[in-house]
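1. coordinates for the following, if possible.
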Amino acid sequence: MNRIRPVFLWLARLAVAGLFLTACVAKIRDPESFALAVYRYRILPGSLVNILAILLPWIELVSGAAVLAARPRWRAAGALIIMGMLAVFTAAISLSLVRGIEASCGCFSTRADAAVSDGWNLVRNVALIWLAAAVFLDGLRLRPSPPDPQAP
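-> Predicted coordinates for the structure are as follows:
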C-alpha cells in the first residue's frame with residue numbers, strides 16, 4: 001500500500017494539473033469567446049463576465065502549475081483553489097441543466113459549437129475534486145522535522 005500511494009498522488013497531480021493547464025490555453029488565447037461561453041450560463045451580471053473571462057484562465061494556469069511543480073504547501077494551495085473552482089463549475093453546470101440552458105462548459109474549447117454540458121461533465125468534475133482533495137491532503141501532511149543537532 002505504501003508503494004502505491006506515491007504513484008497515485010503523482011498521477012493525481014498529473015491529471016489535475018494537466019487538465020487545468022490544458023483548459024486555460026484556449027481561454028487565454030481567446031478571452032472574448034470564453035466571455036461568451038460564461039455569459040451563456042446566465043449566472044453572472046454582465047459587468048462581471050469580462051473580468052472573470054480574463055482572470056479565471058490565469059488562476060487556472062497558476063494553480064495547475066503549483067499542483068504540478070511546487071513544494072507540498074504550494075501544491076496544497078493550488079489544489080484547494082482548483083477544488084473551489086471545480087465546485088463553482090459543477091454548481092454552474094448543474095444550474096444550467098436544471099434550468100434547461102444548453103451551454104458549452106467552456107472547459108477546453110471556447111468555440112460556440114463546442115459540446116453542450118451534460119451529466120458527464122458533473123461526473124468528471126466530482127472525480128477531479130476527489131483527486132484534487134488527495135493532492136491537497138498530501139500537501140498538508142506534516143513531514144517530520146530533521147533532528148536538531150543542538151538538542152540535548
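
2. all the strands of the chain, residue numbers only.
-> With strands called from DSSP state E, the chain shows none.

3. residue ranges with poor pLDDT in it?
-> Residues of the chain meeting the criterion pLDDT under 70: 1, 109-116, 142-149, 151-152.

4. rerun at 90
-> 1-6, 37, 40-42, 46, 69-72, 92-93, 96-97, 99-122, 139-152 (pLDDT under 90).

5. show me where it has helices.
-> For the chain, applying DSSP state H gives helices covering 4-29, 31-39, 46-69, 72-99, 119-140.

6. in CSV, list those along with distance to F108.
-> Any C-beta I mention is one placed from the backbone N, CA and C, and that applies to glycine too. Formatted as CSV, the helices of the chain follow (distance: least, CB to CB, whole Å):
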stretch, distance to F108
helix 4-29, 5
helix 31-39, 11
helix 46-69, 11
helix 72-99, 12
helix 119-140, 11
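
7. now for those helices, which one comes closest to C107?
-> The closest approach between C107 and any of those, judged by CB to CB, belongs to helix 4-29 at 5.3 Å.

8. show me what counts as buried in the closest one.
-> For helix 4-29, the neighbour count (16 or more other CB atoms under 10 Å) marks 9, 12-13, 15-17, 19-21, 23-24, 26-28 as buried.

9. let me have those residues in TSV, extended by distance to L97.
-> Output for those, formatted as TSV (distance: CB to CB, whole Å):
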residue	distance to L97
L9	32
A12	27
R13	30
A15	24
V16	24
A17	27
L19	21
F20	23
L21	27
A23	20
C24	24
A26	23
K27	22
I28	27
